[in-house]
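S.K.: Take this sequence and fold it.
(2 chains)
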Amino acid sequence: MEVVQLQRSFVEYMDSLFREGFLDAQFSQLQQLQDDSNPDFVVEVVSLFFEDSERLLNDLTMALDQPNVDFKQVDAHVHQLKGSSSSVGAQRVKNCCIPFRNCCEEQNTEACLRCLQQIKQEYLLVKNKLQTLFDLEQQIVAAGGAIPMVQ
Amino acid sequence: MRCRFGDTETHFGVLVLIQVMGMAQELHVLAVDDSLVDRKVIERLLKISCCKVTAVESGRRALQYLGLDGEKSSMGIDGLKVNLILTDYSMPGMTGYELLKKIKESSALSKIPVVIMSSEKILPRIDRCFLPRCLEEGAEEFLLKPVKLSDVKRLRDFILRGEGDDDKLTDKKIKEACSRKRKFQDDSTTQVTAHDIESSPESSASSESQQQKQSKIG
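M.R.: Residues are numbered from 1 along each chain as shown, chains lettered A, B, ... in the order given. This next block holds a predicted model:
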């Protein structure tokens, strides 16, 4: 595929991610921190986010599976997930964390499980979207083009 | 070093000016955060703002790095003077608030400015009015996460201005104390005690004015 076409697809895709609320301004901030001396910064941070999130989602699943749920522990995990999703601009994941923390406060296991389900879905969605975005970037670079800056 | 920002020329212009005035310094920042993602981001924010960074994952590690077991200097164990400590508030083990207290209690380290970062302004479940408490305990500033490049640049400029001249820093602090109602050792007239914050009916107003100030800065 032509570089120009790839670049156009990239811009359109990126636009859609912001429009649909998957990403927020913090993601743009991360992109601004990337330059020739650190060309993979965004991918590196996002990869850390993926690892971190998967660990936390596992921990949450286990914690809610206990006969006596430790809601403080659950809340602590959700707080961490909220923090890291906020730091990378994964808006929809971050937003799921807020009602989740309320359910922890109410010590409502059923509600927490529903929240966990929701977060897992949102996480998988944004992971998929970001991987698609990074693939597009690689294709552009492989075709000899520059990755467009999207404001 | 290339930076791709609109105000590149201004940025370098300021750096050159500072060097000419003989205050050339690369700030060494000790960043403390239990989140790996956040450490990576803050490290990049600081490096892009021309700071040396040491990033650690806990208050305990921070104190180890600072050699709190008897060293009489603010040198890190690698011999680099620490100009600023930037710490997350919510951390397992030792919170940012506890770390702040330990630093301010140490004669060797109390002069190092400490800035607290948090994703929340109030933690009603854990700590009512934690923001005023941190400022009262001597924190220089509070940053709302996610931290932005503009926050870091502002911090850096503030610290750089203060580094060369201790008297100026005190005057500046006193002026700010009057507007922010922070407690400083030199200025007892602006003291706000823990008792005042927790028991007075204005406590919510004072934390609200802190929030307003923060949203003005941010």
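S.K.: isn't A:Leu136 right up against A:Val3?
M.R.: No. Using Cβ atoms under 8 Å, A:Leu136 is not in contact with A:Val3, being 11.6 Å away. (Each C-beta comes from the backbone N, C-alpha and C, glycine too.)
S.K.: Who has more neighbours out of those two?
M.R.: For A:Leu136 versus A:Val3, the count of surrounding residues by other Cβ atoms under 10 Å in any protein chain shown is larger for A:Leu136: 19 against 15.
S.K.: Skipping its backbone neighbours, what lies nearest that one in space?
M.R.: Nearest residue to A:Leu136, sequence neighbours excluded (Cβ to Cβ, 6 or more residues apart in numbering or on different chains): A:Phe10, at 4.7 Å.
S.K.: Quick check: which element contains that neighbour?
M.R.: helix A:3-19 (DSSP states H and E).
S.K.: Could you look up the next helix or strand downstream of that helix?
M.R.: Using DSSP H and E, the helix or strand that follows helix A:3-19 towards the C-terminus is helix A:25-32.
S.K.: per-residue confidence averaged over that next one?
M.R.: The predicted model assigns helix A:25-32 a mean pLDDT of 95.
S.K.: Please apply the same query to stretch B:90-110.
M.R.: Stretch B:90-110 carries an average pLDDT of 92.
S.K.: residue boundaries of the strands in chain B?
M.R.: Under the criterion DSSP state E, chain B contains strands at B:28-32, B:52-56, B:84-88, B:114-118, B:141-144.
S.K.: Between the ones you listed, which one is closest to chain A.
M.R.: When these are compared by Cβ to the nearest Cβ, strand B:84-88 sits nearest chain A, at 8.5 Å.
S.K.: Now do that closest one and strand B:28-32, the angle between them.
M.R.: Interaxial angle of strand B:84-88 relative to strand B:28-32 (axes from the mean of the first three to the mean of the last three Cα atoms, to 10 degrees): 20 degrees.
S.K.: Does anything pack onto strand B:84-88? Which helices or strands?
M.R.: Judged by 3 or more Cβ pairs under 8 Å, 6 or more residues apart in numbering or on different chains; DSSP states H and E, strand B:84-88 is in contact with strand B:28-32, helix B:36-48, helix B:59-65, helix B:96-105, strand B:114-118, helix B:149-163.
S.K.: Name the nearest residue to the residue of chain B found nearest chain A, ignoring sequence neighbours.
M.R.: Closest residue of chain B to chain A, Cβ to the nearest Cβ: B:Val37 (4.3 Å). Leaving aside its chain neighbours, B:Val37 sits nearest to A:Ser84 (4.3 Å; criterion: Cβ to Cβ, 6+ apart).
S.K.: show me what contacts the residue of chain B closest to chain A?
M.R.: Neighbour list for B:Val37: A:Val45, A:Leu48, A:Phe49, A:Asp52, A:Gly83, A:Ser84, A:Ser87, A:Val88 [criterion: Cβ atoms under 8 Å, 6 or more residues apart in numbering or on different chains].
S.K.: And the pLDDT at B:Glu120?
M.R.: At B:Glu120, pLDDT is 78.
S.K.: Same question for B:Arg44.
M.R.: For B:Arg44, pLDDT reads 97.
S.K.: Give me the spatial nearest neighbour of B:Leu63, chain neighbours excluded.
M.R.: B:Lys102 (6.3 Å).
S.K.: Which residues are in contact with the one you found?
M.R.: B:Gly59, B:Leu63, B:Leu68, B:Met94.
S.K.: Export those residues as CSV, with columns for neighbour count and distance to A:Thr61.
M.R.: Putting the contacts of B:Lys102 into CSV (neighbours: other Cβ atoms under 10 Å in any protein chain shown; distance: Cβ to Cβ, whole Å) gives the following:
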residue, neighbour count, distance to A:Thr61
B:Gly59, 24, 29
B:Leu63, 19, 35
B:Leu68, 16, 39
B:Met94, 20, 28
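S.K.: Mind telling me the two of those farthest from one another?
M.R.: Based on Cβ to Cβ, the longest span within those runs between B:Leu68 and B:Met94 and measures 11.8 Å.
S.K.: Got the phi and psi for residue 91?
M.R.: Chain wasn't specified; assuming chain A. Here is the backbone geometry of A:Gln91 (degrees, to the nearest 10): phi -60, psi -40.
S.K.: Wait, chain B was what I had in mind.
M.R.: phi -140, psi 150.
S.K.: Check A:Asp70 too.
M.R.: Phi and psi for A:Asp70, reported as degrees, to the nearest 10, are phi -90, psi 90.
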